[in-house]
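K.L.:
mind folding the following:
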Amino acid sequence: MSQIPSSELIINSDGSIFHLHIKPEELADTVILVGDPGRVELVASFFDSREFIRSSREFVTVTGSYKGKRITVLSTGIGTDNIDIVINELDALANIDLQTREPKKEHKKLTVLRIGTSGAIQPEIPLGSFVFSHISVGCDGLLNWYANRDSVSLLDMEHAFTKHVNWPEQLPAPYFAKASQSLISLFEDVTVKGVTISASGFYGPQGRVLRLPLAMPDMVHKFESFRFNGEKITNFEMEGSAIAGLCGLLGHDAATVCCIIANRHLHESQPDYKPYIKKLVELSLERLTQ
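P.N.:
Numbers count the residues shown, from 1 in each chain. Below is the predicted model:
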């Protein structure tokens, strides 16, 4: 196996991975991702014990134990660009020998679950409900930078979507990445089945207008009206597609589950959503430890 150059895999002087500042032995096989660094403490508050807390930029990490299962909770910040850092560095911790800089002979599969917030675009999805993204639609373009992206994208659905919305050629090609079936099975009886748009921003990329007009003025309506083999777009968020896509390419189980805090169709929002998030965190920990 070829050695990975130090310019490609940056390791800190203490032996930790460059951005996350954690070491291989500090990473659990089950990882919960949250966007907000402050939400790490909420998840960790349920732990029976904690091994450490590490903070580097927006990346805050705690590894601990919940009902006998070792779990790492890590904040990613907002956006799929950060997910590119997080997933690649988590995989490096699991599957690259940081001393020899060579991939390990035996692959370690991680279980990665993002717990987040989201806005629904279908009228029947109520505020406070939990949407589990069976399929994540990447409108960010991240996965297109990697070889074999077609191997983890549902190409028929992707082509139907781009045709239905008349996808502008100036925008990155979308990709449709499926969640891990093992995680779908854990959550399908307590969540709404979702086909989730991962947007590259909060305002224009999600159809919000402040002072700048949109390249696709009727984007939200087009997304809402899309149908494919009984599936429809359910909600917006900003990270799930990169998690599902990169983990699919790297051989990890991954998925996203979000609490609905706004409904774009009904023009409703729930700014006081913390009790719902707490309930979703507890539910997720229970399901991950089944």
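K.L.:
where do the helices sit along the stretch 51-200 of the chain?
P.N.:
Ranges of helices in the stretch 51-200 of the chain, per DSSP state H, counting those that start in this stretch, are 80-95, 155-164, 181-187.
K.L.:
can you say which of those is packed in most?
P.N.:
Most buried of those, by mean neighbour count (mean count of other CB atoms under 10 Å): helix 80-95, with a mean of 21. Yep, even glycine has a C-beta here, placed from its N, CA and C like the rest.
K.L.:
and stretch 56-64, which residues are buried?
P.N.:
Under the neighbour-count criterion of 16 or more other CB atoms under 10 Å, stretch 56-64 has 58, 59, 60, 61, 62, 63, 64 buried.
K.L.:
could you do stretch 274-283 as well?
P.N.:
276, 277, 278, 280, 281, 283.
K.L.:
next, format those residues as CSV and append distance to residue 147, secondary structure and pLDDT.
P.N.:
Converted to CSV, the buried residues of stretch 274-283 look like this (distance: CB to CB, whole Å; DSSP: H, G, I helix; E, B strand; the rest coil; pLDDT from 0 to 100):
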residue, distance to residue 147, secondary structure, pLDDT
276, 39, helix, 94
277, 37, helix, 95
278, 40, helix, 96
280, 35, helix, 98
281, 36, helix, 98
283, 37, helix, 98
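K.L.:
which one of those residues is nearest to residue 187?
P.N.:
For the buried residues of stretch 274-283, the minimum distance to residue 187 (CB to CB) is 8.3 Å, reached by residue 283.
K.L.:
list the contacts of the closest one.
P.N.:
Neighbour list for residue 283: 130, 190 [criterion: CB atoms under 8 Å, 6 or more residues apart in numbering].
K.L.:
separation between it and residue 289?
P.N.:
In this view, residue 283 and residue 289 are 11 Å apart by CB to CB, to the nearest Å.
K.L.:
now do residue 180
P.N.:
16 Å.
K.L.:
so which of those two has more stuff around it?
P.N.:
Shown here are residue 180 and residue 289; by other CB atoms under 10 Å, residue 180 has more neighbours (19 against 13).
K.L.:
check contacts around that one.
P.N.:
Residue 180 neighbours (CB under 8 Å, 6+ apart): 111, 247, 252, 253, 254, 255.
K.L.:
could you check how far the nearest residue to the fifth one once chain neighbours are set aside is from residue 257?
P.N.:
So the one you mean is residue 254. Spatial nearest neighbour of residue 254, chain neighbours left out: residue 247 (3.5 Å); criterion: CB to CB, 6 or more residues apart in numbering. Residue 247 sits 15 Å away from residue 257, going by CB to CB.
K.L.:
for the record, mean pLDDT for stretch 208-215?
P.N.:
What stretch 208-215 shows for mean pLDDT is 95.
K.L.:
between the two ends of that stretch, how far is it?
P.N.:
Separation of the first and last residues of stretch 208-215 by CA to CA, to the nearest Å is 11 Å.
K.L.:
related to what we said a few turns ago, tell me the pLDDT at the residue nearest to residue 254?
P.N.:
98.
K.L.:
how distant is stretch 100-111 from the center of its chain?
P.N.:
21 Å (CA atoms, centre = their mean, to the nearest Å).
K.L.:
and the contacts of that stretch?
P.N.:
Taking CB under 8 Å, 6+ apart as the rule, stretch 100-111 contacts 1-6, 9, 29-31, 90-91, 94-97, 180, 182-183, 247, 251-254, 288.
K.L.:
report the buried residues of that stretch.
P.N.:
Buried residues in stretch 100-111, counting neighbours by 16+ other CB under 10 Å, are found at 101, 103, 110, 111.
K.L.:
and if you look at stretch 252-266?
P.N.:
252-265.
K.L.:
of all the helices of the stretch 51-200 of the chain, which one is nearest residue 69?
P.N.:
Across these, closest to residue 69 is helix 181-187 (CB to CB), at 13.1 Å.
K.L.:
got the contact list for the nearest residue to residue 194 once chain neighbours are set aside?
P.N.:
Closest residue to residue 194 apart from its sequence neighbours, by CB to CB, 6+ apart: residue 131 at 4.0 Å. Residue 131 sits next to 118, 120, 125, 191-194, 196, 234-235, 257-258, 260 when contact means CB under 8 Å, 6+ apart.
K.L.:
drop anything exposed from those.
P.N.:
Buried among those by 16+ other CB under 10 Å: 118, 120, 125, 191, 192, 194, 196, 234, 235, 257, 258, 260.
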